[in-house]
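In: return atomic coordinates for the entry below.
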Amino acid sequence: MAIEIDARGKGVSVITLAGHDAGNFVYTQDLLDLAAVLTICASDKDLRALVITGRGNTFCGGRIGAKGLTRASEVAEDLNAILKVNSALNALSVPLIVAVEGHAFGFAFGITTQADYAIAAEDAVFSLPEMSHGLPPLIVFSYLFRFVPYKRAFELAVTSRQISAKEAADAGILTEIVPTGTSLKRAIEVAAKMAVFDPKALGLLRKFGREAADVHSRSKSEHAVALMSVMLAERTAAH
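Out: Numbering: from 1, shown residues only. Okay, here's the model as predicted:
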């Protein structure tokens, strides 16, 4: 299974993205599995803080969508796996901390952006590579502007360039930068400190904070899927 969860004690659990190939890529079924695990976490009364990390030295190289889809409805179903993850992530009543080593591309860039607390190794690399494949990252755009100014976000998307952890932190995507190889250790330390707070107070802080910042917009993300589905289906039909 590409999604692994491990209870670390004292209310802290770690989800590991154990994806495919050297790039630690995730497929549609992996995203559905991740959404299911996050939903289970949301109902865990003993959970106080959740960490997401990646296998080995790579957080995640991004999502690989289903191939050969010819109808907009099929494309939408495939893309909706991302929305299920985002909705499950947003529904958590505990803080989500990410620990990034290596690459965080595409989908992983989005998870890092949405997290409540983001920690990355000093040599971590971030990118929105979708446009280099002819795919506008509209789902990420449905929330990215809560953190990154429009002109900077547009430039990152349209160039697909890779940025350093320092630039990601300067842009508002990261909370902390730590020495290479220590991001998970630091994330667990942060999670343990959060876990001692009153769970109702912490849950209310997270919920209200995310609502006030308008981090998650179901309508905008659904609109993004609709636009992308039509575009991709038309492209497939043209070929």
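In: OK, contacts around Met231?
Out: Counting by CB atoms under 8 Å, 6 or more residues apart in numbering, Met231 touches Pro136. Quick note: C-beta positions are derived from backbone N, CA and C, even for glycine.
In: read off the pLDDT value for it.
Out: pLDDT, the model's per-residue confidence, is 89 for Met231.
In: assumed it was part of a helix.
Out: Yes. According to DSSP: H, G, I helix; E, B strand; the rest coil, Met231 belongs to a helix.
In: so where's this structure uncertain?
Out: Across the chain, the ranges flagged by pLDDT under 70 are 1, 237, 239.
In: buried residues in stretch 21-35?
Out: Using 16 or more other CB atoms under 10 Å as the test for burial, stretch 21-35 gives Asn24, Phe25, Val26, Tyr27, Thr28, Asp30, Leu31, Asp33, Leu34, Ala35.
In: run through the bridge partners of the residue nearest to Glu101 when sequence neighbours are not counted.
Out: Closest residue to Glu101 apart from its sequence neighbours, by CB to CB, 6 or more residues apart in numbering: Ala121 at 4.8 Å. Beta bridges link Ala121 to Val178 when assigned by DSSP bridges.
In: Ala121 reaches Gly102, doesn't it?
Out: Yes. With contacts counted by CB atoms under 8 Å, Ala121 reaches Gly102, the gap being 7.5 Å.
In: tell me which helix or strand the residue nearest the centre of the chain sits in.
Out: In the chain, the C-alpha nearest the mean C-alpha coordinate belongs to Ile111, at 1.2 Å (CA atoms, centre = their mean). Using DSSP states H and E, Ile111 sits within helix 107-114.
In: export that helix to PDB, keeping only CA atoms.
Out: C-alpha atoms of helix 107-114 as PDB (Å, rounded to 0.1, in the frame of the first residue of the first chain):
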ATOM      1  CA  PHE A 107       0.100  17.300  -5.700                       C
ATOM      2  CA  ALA A 108       2.900  17.300  -3.000                       C
ATOM      3  CA  PHE A 109       3.400  21.100  -3.400                       C
ATOM      4  CA  GLY A 110      -0.300  21.400  -2.800                       C
ATOM      5  CA  ILE A 111      -0.300  19.300   0.400                       C
ATOM      6  CA  THR A 112       2.600  21.300   1.700                       C
ATOM      7  CA  THR A 113       0.800  24.500   1.000                       C
ATOM      8  CA  GLN A 114      -2.500  23.400   2.700                       C
END
